[in-house]
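Visitor: Below: sequence and its predicted model.
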Amino acid sequence: MRYTELAERSKSNQYHPRPNSEGAGRQKQAFHHSRTSLGAAGHLLHMGMVAAPLVIGELIMDTEKKWRAMRLVPVIGAIASEGIWTYRLAQDRRKDEEARAALRDCQEGCMART
């Protein structure tokens, strides 16, 4: 008896999210990890930026040059990330245009048959 009472008590104390006024069907908000949405290139960029201080610390012995290189890592990483995003968006646009062209061709073929 004691264990079932404990289970019932903990069950009643669970968090029950309120339904969203806009869409009650959606249970939780999606979380976005930008480096994973960039695929392997984003992962490699992230790992390179994380490992950069270790590599810089081992390769560069001059303190002033070391800190200059450390300050450049986020700048280079941001530029590389923007480049990867631009490339990905260009690929997505090209695929969308190809799909639209194929749809137009299909629709024109269907209209010609009737």
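Guide: Ah, there it is.
Visitor: now Leu72: how far from Ile79?
Guide: 10 Å (Cβ to Cβ, to the nearest Å). Just so you know, the C-beta spots here come from the backbone N, C-alpha and C atoms, and that holds for glycine as well.
Visitor: If you could redo that for Lys66, that was the one I meant.
Guide: From Lys66 to Ile79 the distance is 21 Å (Cβ to Cβ).
Visitor: Give the residue from those two that has the larger number of neighbours.
Guide: Lys66 (15 against 10; other Cβ atoms under 10 Å).
Visitor: any idea which helix is longest in this structure?
Guide: Using DSSP state H to define each element, the chain has its longest helix at helix 63-113.
Visitor: Show me what that helix is packed against.
Guide: Other helices and strands packing on helix 63-113, by 3 or more Cβ pairs under 8 Å, 6 or more residues apart in numbering; DSSP states H and E, are helix 39-59.
Visitor: Give me the buried stretch members for the helix it packs on, please.
Guide: 41-42, 45-46, 49, 52, 56 (16 or more other Cβ atoms under 10 Å).
Visitor: got the buried residues for stretch 78-85?
Guide: So stretch 78-85, judged by 16+ other Cβ under 10 Å, has buried residues 80-81, 84.
Visitor: which intervals of the chain have sub-threshold pLDDT?
Guide: 1-36, 114 (pLDDT under 70).
Visitor: repeat that with 80
Guide: In the predicted model, the chain carries pLDDT under 80 at residues 1-38, 111-114.
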